[in-house]
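Trainee: sequence first, predicted model second:
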Amino acid sequence: MKIGRTFGVRKQAGSIQGFTLIELILVMTLLIVVISFSAPSLGKFFRGRALDGEARRLLSLSREGQSRAASEGVPVVLWVDPTKHQYGLEQDLTFVDHDDKSLTYTLDKDVTIEMVNGVLSSAVSGDSGARNLPGIRFQPDGSFDEASPEALRLQDREGSVLYLAQSRNRLNYEISNKTAQR
């Protein structure tokens, strides 16, 4: 029976040949060198993904807030608590007793959030403990209140910044690298 190559090992005339220990050590050394050069770049990539992910989640939450306000006919507030690294969405509890659909999210540990030209919304309250926190207030027609902030500023540990800013037509919010220009 003739035996061919299998997993880098050959059999020829009764002798077995394969990789030597020195060859394996050289390959492992090359892999370690390549990984050590690429690891910092990969770290920045994944940290940047955290900022991008939070911005997209906030954008999605703002769209859900507009939709809920219009469909349920009750103002909905996207509140932000920078000190607790939390944000969420709930109905304006001056109109309803309790919001069963309220949402609370924890901000990524590498990302900070702050309001740009925002004011405190005394209408935000509820199980989240969000009373008197800044927020975006969506009216029952889906528009947002005039007192809503111009933008939410998200910044990661490396100093990269993204904004959830009002669009030019002031009909919704969008992700931007800078605040809205009026």
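Mentor: Perfect, I can see it now.

Trainee: name the element the nearest residue to residue 88 once chain neighbours are set aside belongs to?
Mentor: Leaving aside its chain neighbours, residue 88 sits nearest to residue 104 (3.9 Å; criterion: Cβ to Cβ, 6 or more residues apart in numbering). Quick note: C-beta positions are derived from backbone N, CA and C, even for glycine. Following DSSP states H and E, one finds residue 104 within strand 103-106.

Trainee: sheet partners, orientation included, of that strand?
Mentor: As defined by DSSP bridges, the strand partners of strand 103-106 come to strand 86-91 (antiparallel).

Trainee: circling back to that earlier point, wait, the residue nearest to residue 88 touches residue 81, no?
Mentor: No. Taking contacts as Cβ atoms under 8 Å, residue 104 lies outside contact range of residue 81: 9.2 Å.

Trainee: just to revisit the earlier point, what about the strand holding residue 104, distance to the chain center?
Mentor: 12 Å (Cα atoms, centre = their mean, to the nearest Å).

Trainee: the closest residue to residue 89 other than its chain neighbours: neighbour count?
Mentor: Using Cβ to Cβ, 6+ apart and skipping residues adjacent in sequence, the residue nearest residue 89 is residue 103, 4.7 Å away. Residue 103: 14 surrounding residues under other Cβ atoms under 10 Å.

Trainee: how about residue 59?
Mentor: 17.

Trainee: contacts only, for it.
Mentor: 164, 173-175 (Cβ atoms under 8 Å, 6 or more residues apart in numbering).

Trainee: of those residues, just the buried ones, ChimeraX syntax please.
Mentor: Restricted to buried positions by 16 or more other Cβ atoms under 10 Å, the ChimeraX selection for the contacts of residue 59 reads:
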select :164,173,174
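
Trainee: in strands, which of the contacts of residue 59 fall?
Mentor: Using DSSP state E, the members of the contacts of residue 59 that fall within strands are 164, 173-175.

Trainee: can you pull out the helices in this structure?
Mentor: For the chain, the helices defined by DSSP state H cover 21-72.

Trainee: give me the most central residue, it.
Mentor: residue 54 (1.7 Å; Cα atoms, centre = their mean).

Trainee: where does pLDDT dip in this structure?
Mentor: Along the chain, segments meeting pLDDT under 70 span 1-16, 43-48, 118-131, 179-182.
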